[in-house]
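1. sequence and predicted structure, then a few things I'm wondering about:
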Amino acid sequence: MCGIAGVIHRDGPGDVGREITAMLQSMKHRGPDSTGYALYGAGGEGMVLRVKLADPRERGSIGWEEDLERRLHEVTTRLAKVGADVGTVDRTTDYALRATVDFDGDLKSLVDHVEDIPGCEVLSAGSSLEIVKDLGDAEEVSRQYGLARFCGTHAIGHVRMATESDVDIAGAHPYWAYPFGDVAVVHNGQLTNYHQWRRRLERLGHRFASECDSEIIAVYLAEKLANGVSLETAVKESLDDLDGVFTYVVVTKDSLGVAKDEMAAKPLVLYETASMVALASEEVAIRAIVDHEIETYDPYEREALVWTL
């Protein structure tokens, strides 16, 4: 059992970091093991990279600090080697960093150079997307990364209860659609044709950072977008191509979309006004950010919805 949430402000930026934190914290009972965010800022900084330098569970081991310093130096060195003009590099925690770069080359090459460093993983890359995920509940992760200050147009989040895998950052959602910038997904459910789609996408040259089916959804959708398919069409086509019981939320640079499978067994509640759309696994999450009486509704089976800025 996990919880998902999303919000999009259609008339200008809002306090999406604070909002998603409140929504996810209200659903802590659905997933206390890890929390993740995909946040979309105003952009204008060039490309933003969020990088995990190490597994926090190894903190305190012999050579921990020295390894982190070496990896941090190696990240900036490798970015420069592929022609990226490195702007700021901030240690958001001792084992994670946020970097801004100017780069007009192949995104896959840039990311692969960084991930060739043992222990390093690029969590997201894009002109406005920033993925933050870590162990603990939403308030803990938000405090650790300073997310209450994050202002943006839209965001999604996920709280995870680890049932079939370890409690670690690698298993936390959201997932970035490597190597496509600015596309991410959160998901509640299970794909029964996961391995089939993974093999198909791998034959197209894609690689995956996890065994999670949510990552498959992200890359599936991003591949369609790269081939000129609209997000609305891609989301609708996914209902025919992806088998299982699922509800997922996808975000791009300027859109938020949601889909429920034909059984509609995984819950989702929607609240919509002319200026804002909020959605979550439970209504309590929407009430956490809307301070007046609201009317919500549940999407029907096989429903696919997309909102744009």
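-> The structure has been received and is ready for your questions.
2. quickly list the domain ranges of the chain.
-> Domain ranges of the chain: 3-38+134-308, 44-127, per automatic domain parsing.
3. and those, which is most packed in?
-> domain 3-38+134-308 (a mean of 20; mean count of other CB atoms under 10 Å). Using the backbone N, CA and C atoms, a C-beta is placed for each residue, glycine as well.
4. possible to save the domains of the chain as CSV with mean pLDDT?
-> Listed next are those as CSV, based on pLDDT from 0 to 100:
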stretch, mean pLDDT
domain 3-38+134-308, 93
domain 44-127, 93
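5. helix, strand or coil for V141?
-> helix (DSSP: H, G, I helix; E, B strand; the rest coil).
6. against G228, how distant is it?
-> Per CB to CB, to the nearest Å, V141 is found 36 Å from G228.
7. could you do G171 as well?
-> Taking CB to CB, one finds G171 at 33 Å from G228.
8. please name the bridge partners of I4.
-> For I4, the beta-bridge partners are H158 (DSSP bridges).
9. going forward, begin numbering at 25 instead of 1
-> Sure thing, new numbering starts at 25, so read that last one as I28.
10. show me what contacts it?
-> 180-182, 210-212, 271-273, 292, 304-305 (CB atoms under 8 Å, 6 or more residues apart in numbering).
11. of the residues you listed, which belong to strands?
-> Among these, the members falling in strands are 180-182, 210-212, 271-273, 304 (criterion: DSSP state E).
12. got TSV for the residues you listed, with distance to R326 too?
-> Below are the ones in strands among the contacts of I28 laid out as TSV (distance: CB to CB, whole Å):
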residue	distance to R326
I180	21
G181	25
H182	23
V210	19
H211	16
N212	16
T271	11
Y272	13
V273	16
A304	20
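13. identify, from these, the entry nearest to E327.
-> Using CB to CB, T271 is the member of those that lies nearest E327, at 9.8 Å.
14. that closest one pairs with what?
-> Under the criterion used (DSSP bridges), T271 bridges to N212, K284.
15. contacting residues around it?
-> Taking CB under 8 Å, 6+ apart as the criterion, T271 is in contact with 28, 211-213, 282-285, 288, 290-292, 305.
16. now it: how far from E256?
-> Using CB to CB, T271 is found at 17 Å from E256.
17. next one: D126
-> Going from D126 to E256 by CB to CB gives 32 Å.
18. tell me the one among the contacts of I28 nearest to D265.
-> Nearest to D265 among these, with distances taken as CB to CB, is Y272, at 12.7 Å.
19. does V146 touch E139 like I think?
-> Yes - using CB atoms under 8 Å, V146 is in contact with E139, at 5.9 Å.
20. can you tell me how far Y61 is from S299?
-> Distance, Y61 to S299, using CB to CB: 22 Å.
21. please enumerate the helices of the stretch 75-224 of the chain.
-> Counting by DSSP state H, counting those that start in this stretch, the stretch 75-224 of the chain has helices at residues 88-105, 131-139, 162-169, 218-227.
22. can you tell which of these is closest to R115?
-> For R115, the closest of the helices of the stretch 75-224 of the chain is helix 88-105, at 7.4 Å, according to CB to CB.
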